[in-house]
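S.K.: After the sequence you'll find the predicted model.
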Amino acid sequence: MGVGAVFGLQGHTPFIDENHVIACAKHFSGHGQPEAGTNLAPANFSERILRENHFYPFEMAVKKANVRTVMASYNEIDGIPNHANKWLLQDVLRGEWGFTGYVISDYDAVNRMVTRQHACLDKAEAGKRAISAGMDFECPSNWKNYCFSFLPALIKKGEVKGADLDSSVTRVLRNKFIMGLFEQPYIKSVADKTKLEDQIKHKKITLKAAEQGMILLKNDNKTLPFNENKIKRLAIIGPNADEVHYGTYSNDKTPGTSILKGLSDFGKGKFEVVFSEGYKIYENDSTITAAEKTTEAENKRIQDAVALASTCDAVLMVMGGNELTCREDWKNHSGDYYDLNLMGRQDDLAKAIFGLNKQTAVLLINGRPLAVNYLAEKAPAIIEGWYLGQEQGTAVANVVFGNVNPSGKLAVTIPRHVGQLPVYYNSKPYVHESPYIDGDYSPLYPFGFGLSYTQYKYANLKLDTKKINSSQSVTATIEVTNIGERDGEEIVQLYIRDRVSSVTRPIHELKDFARVAIKKGETKTVSFVITPDKLQFYGLDMKRIVEPGEFEVQIGKSSKEYLSDVFEVVAQN
């Protein structure tokens, strides 16, 4: 994903043309799993965990995609703020990986070594430590008030090496040369015809992304897809139905298609679409008045939604969270959430709607995995949508009414409860030995999971060899048959397990996947080449190795449903 994002922004060539920009890989590193899940908190992991999990995407962005800038993260590792961590920024990033771009600070992060982490006495010391560790560019760039403004005086005093400043300036200038900014400092104007062609092309891409990104989590009794010929009146209920969600930090002002608008357009001339909000998501929303938050107002909205839905043949509930409830947290800008349940009385709304016994499906729009236990038990059908972007309404209509067969798979694990965190598919063997006292240890929905309007059968997993040395590859093939009633696309997943190793290894790790279009009744053979890099891990000396021994190949629908076989890696003479 990281490599794909970098190529999309920068292009594939060493020099960056006027149609591309410099990509920034952020936040380096450990930012994704801070203590208590709170923004800016320490990320104190062992070097092995850092290298195997947190460093890997950055390493690939550097080595495979030549990313031109990396942003350090606010947190600390092993007591050292990342913005002053020479091992992180120099030894690993530049020394081991060969990064030649520049390192940029997160907003106010150098100064926060003084004000928040208390690792520096003042701004001058913070600037000194940051540039000496390999930081090149401080944000924000208010020269008079920030830490790098002290560098000239520190250099004159001999406390900062002039060579360190020269290196930083060189790295920034190199990127400007790579972009051609000295020859062409401004973006060339684009003809209106080209703009229009790009808009049409990009709309098609965003529509496809939204359609392929939806994940069907539940579909009892073939609730979905809805049949447009059997519906005279469709109710759209929920707080996210009449909005367009791009995700935090998108800053996108593109007029998008809301889910309500997309379904209304789809139903025009075929069936009536009606809407009731049912519930307001209050958190961090200053536009909602106190009167709208009262119990009486909430009850009225639920009652109105139920009354409207009772007059309809089918109901789509659009629930979840939004960009105000899932966002970066900083001073007076809350975004961390200590629960994973649906906010407020959304479950109450769902319960009331389910009581009507209408053909009902739930679409979740949210920025983080939600522990939707009540919906998982009671909802006839559930689609996880995340944020679907500008074409969300059209995409939802196509999926809900079966013009598109859902094919998305979960790229995260969805927990039952916040107490399970951290929960992830590639856990070590000991983790799942027993349940909690008061509930299952298993997740609500596992990594890689996703249903379809058709069914797929996996059979005949074969390996072209059962014995290789550490420099050789194995080709695995499997037959996938569409045994249902619709054409579809299946994402076939390859996992690997190192059965016995000198360092404990996960029960499986996703190493490859393939999206395969399969017509109803058709069988396709899917092949994966298992190369040595897919078998590597960090050994006792913290070097990547392939150890002799047995490796289990697991190919299937998800991290919990697969066929398996074994091959052996033998020591080379």
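M.R.: Ah, there it is. Numbers count the residues shown, from 1 in each chain.

S.K.: What are the contacting residues of the longest helix along the chain?
M.R.: When the chain is parsed with DSSP state H, its longest helix is helix 192-213. The contact list for helix 192-213 (C-beta atoms under 8 Å, 6 or more residues apart in numbering) reads 190, 385-386, 388-392, 394-396, 398-399, 404, 407-408, 489, 515. In short, each C-beta sits where N, CA and C put it, glycine included.

S.K.: Just the buried ones from those?
M.R.: Buried members of these, scored by 16 or more other C-beta atoms under 10 Å, are 385-386, 388-392, 394-396, 398-399, 404, 407-408, 489.

S.K.: Mark which of those are part of helices, please.
M.R.: Q392, T394, A395, V396, N398, V399.

S.K.: could you list every residue that touches the fifth one?
M.R.: N398 sits next to E211, F266, V404 when contact means C-beta under 8 Å, 6+ apart.

S.K.: Walking through this protein, point out its helices one by one.
M.R.: 2-10, 47-49, 56-63, 86, 109-115, 123-133, 151-157, 162-179, 192-213, 259-267, 295-309, 346-354, 373-378, 392-400.

S.K.: mind putting the ones you listed in CSV, mean pLDDT and distance to L463 included?
M.R.: CSV is the format used below for those (pLDDT from 0 to 100; distance: least, C-beta to C-beta, whole Å):
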stretch, mean pLDDT, distance to L463
helix 2-10, 96, 28
helix 47-49, 95, 29
helix 56-63, 97, 26
helix 86, 97, 45
helix 109-115, 95, 49
helix 123-133, 97, 47
helix 151-157, 96, 59
helix 162-179, 95, 44
helix 192-213, 90, 30
helix 259-267, 98, 45
helix 295-309, 96, 53
helix 346-354, 97, 46
helix 373-378, 97, 36
helix 392-400, 98, 36
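
S.K.: Would you tell me which of the ones you listed gets closest to R416?
M.R.: With respect to R416, and counting by C-beta to C-beta, the nearest of those is helix 373-378 at 6.1 Å.

S.K.: any idea how far the closest one is from the chain center?
M.R.: Remark: helix 373-378 is offset 24 Å from the chain centroid, using C-alpha atoms, centre = their mean, to the nearest Å.

S.K.: Counting by contacts, list what that helix packs against.
M.R.: Packing partners of helix 373-378 (3 or more C-beta pairs under 8 Å, 6 or more residues apart in numbering; DSSP states H and E): helix 346-354.

S.K.: As PDB, could you dump the C-alpha coordinates of the helix it packs on?
M.R.: Extracted as PDB, the C-alpha positions of helix 346-354 are listed here (Å, rounded to 0.1, in the frame of the first residue of the first chain):
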ATOM      1  CA  GLN A 346     -27.600   4.200  17.400                       C
ATOM      2  CA  ASP A 347     -28.200   0.600  18.700                       C
ATOM      3  CA  ASP A 348     -31.500   1.800  20.100                       C
ATOM      4  CA  LEU A 349     -32.400   3.100  16.700                       C
ATOM      5  CA  ALA A 350     -31.400  -0.200  15.100                       C
ATOM      6  CA  LYS A 351     -33.400  -2.200  17.600                       C
ATOM      7  CA  ALA A 352     -36.600  -0.100  16.900                       C
ATOM      8  CA  ILE A 353     -36.200  -0.500  13.100                       C
ATOM      9  CA  PHE A 354     -35.400  -4.300  13.300                       C
END
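
S.K.: Could you tell me which residues within that helix count as buried?
M.R.: Buried, per 16+ other C-beta under 10 Å, within helix 346-354: Q346, D347, D348, L349, A350, A352, I353, F354.

S.K.: burial measure for the closest residue to T257 other than its chain neighbours, as a count.
M.R.: Excluding the flanking residues, the one nearest T257 by C-beta to C-beta, 6 or more residues apart in numbering is G393, at 3.6 Å. Using other C-beta atoms under 10 Å, G393 has 24 neighbouring residues.

S.K.: these two touch, right, G393 and P255?
M.R.: No. Judged on C-beta atoms under 8 Å, G393 makes no contact with P255 at a distance of 11.5 Å.

S.K.: one step back: going by distance to L316, which of the contacts of N398 wins?
M.R.: Distances from L316 to the contacts of N398, taken as C-beta to C-beta, are shortest for F266 (11.4 Å).

S.K.: In contact with that closest one: list those residues for me.
M.R.: Contacts for F266 (C-beta under 8 Å, 6+ apart) come out as E228, T394, A397, N398, F401.

S.K.: which one of the buried ones among the contacts of helix 192-213 is nearest S250?
M.R.: Distances from S250 to those, taken as C-beta to C-beta, are shortest for G389 (8.4 Å).

S.K.: what about that closest one, distance to I49?
M.R.: Distance, G389 to I49, using C-beta to C-beta, to the nearest Å: 33 Å.
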